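**Student:** my questions are about this predicted structure, shown below with the sequence.
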Amino acid sequence: DVAKQLADRNMEIRGHRDTSAAKYLDRYIPTAAAFGGVCIGLLTVVADFLGAIGSGTGILLAVTTIYHYFEIIIRENEGQSLTSLLFG
């Protein structure tokens, strides 16, 4: 899936053909996704135990929502630089 998206955007992994790129990515993507999930889970649990403002889940939801809106703004204004979007 990711290898196909890269190929559709004319991006490649140096030293790998299209078929070997998929195998190369399949070695790393599941591990990275699992590690990311564990980190987010630990962050949520630690925030709950430390009594952060709001619950850990609430903080995670807020950050996810803000990041989603940030992605939408960037996607809608592709021709502009990030600095001009934020400060100008």
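**Tutor:** Okay, I see it. Numbering: from 1, shown residues only.
**Student:** any figure for the gap between the residue of the chain most remote from its centre and Thr64?
**Tutor:** Distance from the C-alpha centroid of the chain peaks at Gly51, with 26.4 Å (C-alpha atoms, centre = their mean). Gly51 is 21 Å from Thr64, where distance means C-beta to C-beta, to the nearest Å. In this view, the C-beta of every residue, glycine as well, is placed from N, C-alpha and C.
**Student:** now do Tyr24
**Tutor:** Tyr24 is 29 Å from Thr64, where distance means C-beta to C-beta.
**Student:** who's more crowded, the two?
**Tutor:** Tyr24 (15 against 10; other C-beta atoms under 10 Å).
**Student:** excluding sequence neighbours, find me the nearest residue to the more buried one.
**Tutor:** His16 (5.4 Å; C-beta to C-beta, 6 or more residues apart in numbering).
**Student:** any idea of the pLDDT on the one you found?
**Tutor:** According to the prediction, His16 has pLDDT 76.
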